[in-house]
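1. I would like to see how this sequence folds:
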Amino acid sequence: MTKSKDNNRKCPIDMTVYGIATIVQTTREQILSYINEFATQPDAMFGSGRGKDALLEYLGHSLLMEDDFFNESGFHQLEYPGRWQDYLDDCVVFACLHSYLNGIDLPILDEWSIWEQIRVIEKLLGNPKAENDDRYLADGTDR
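-> Numbering: from 1, shown residues only. Modelled structure (predicted):
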């Protein structure tokens, strides 16, 4: 695989580790861009001059509120496409910033574990059948 193709490879980030019921797609190139920005830009460039920690706190709070909003109705994504895209973009920024500040890996899913995370998301959304629902198997098959 060439470097260009590798950088454009889709990377699903598991936002459930932050209590946010979504998996957001991004590219390796976008992740590296954010990490580089956090590593090379002065702290005062972020969070309206308050720094990276303040930005992380703000994003964490606002993403939880947006998550609630979009989970109220599946139609909200269609009714508010700009807001939905901002939410997804902010999820990527939050995950990258959290990873950078804490020195931990991003929660990137491989294709087989996505199905298990769908079950976790359904549980977060209150689906009582999610625990015993075998539609989503760990091997990625769908019954």
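2. quick one: low-confidence ranges for this protein?
-> 1-7, 111-115, 117, 128-143 (pLDDT under 70).
3. Repeat the analysis, applying 80 as the threshold.
-> Within the chain, the stretches with pLDDT under 80 are 1-9, 110-143.
4. And the strands in it, which stretches?
-> 10-14, 23-27 (DSSP state E).
5. Which stretch among those approaches Glu66 most closely?
-> strand 23-27 (12.0 Å; CB to CB). For every residue, glycine as well, the C-beta is placed using N, CA and C.
6. before we move on, the earlier item: for Val120, which of the strands of the chain is the nearest?
-> Per CB to CB, nearest to Val120 of the strands of the chain: strand 10-14, 8.4 Å.
7. Check the offset of that closest one from the chain's centre.
-> Computed by CA atoms, centre = their mean, to the nearest Å, the chain-centroid distance of strand 10-14 equals 7 Å.
8. who's in contact with that strand?
-> Here strand 10-14 makes contact (CB atoms under 8 Å, 6 or more residues apart in numbering) with 23-28, 31, 91-92, 95, 106-109, 114, 117.
9. Take the strands of the chain and write them to a markdown table, including distance to Asp43 and mean neighbour count.
-> Shown next, in a markdown table, are the strands of the chain (distance: least, CB to CB, whole Å; neighbours: other CB atoms under 10 Å):
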| stretch | distance to Asp43 | mean neighbour count |
| --- | --- | --- |
| strand 10-14 | 24 | 18 |
| strand 23-27 | 24 | 17 |
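10. Make CSV out of these and add distance to Glu122.
-> Output for the strands of the chain, formatted as CSV (distance: least, CB to CB, whole Å):
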stretch, distance to Glu122
strand 10-14, 14
strand 23-27, 12
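11. Out of the ones you listed, which gets nearest to Ser48?
-> That would be strand 23-27 among these, by CB to CB, at 23.9 Å.
12. So in that sheet, which strands flank that closest one, and in what orientation?
-> strand 10-14 (antiparallel) (DSSP bridges).
13. Now for Asp68, how many residues are close by?
-> Using other CB atoms under 10 Å, Asp68 has 11 other residues around it.
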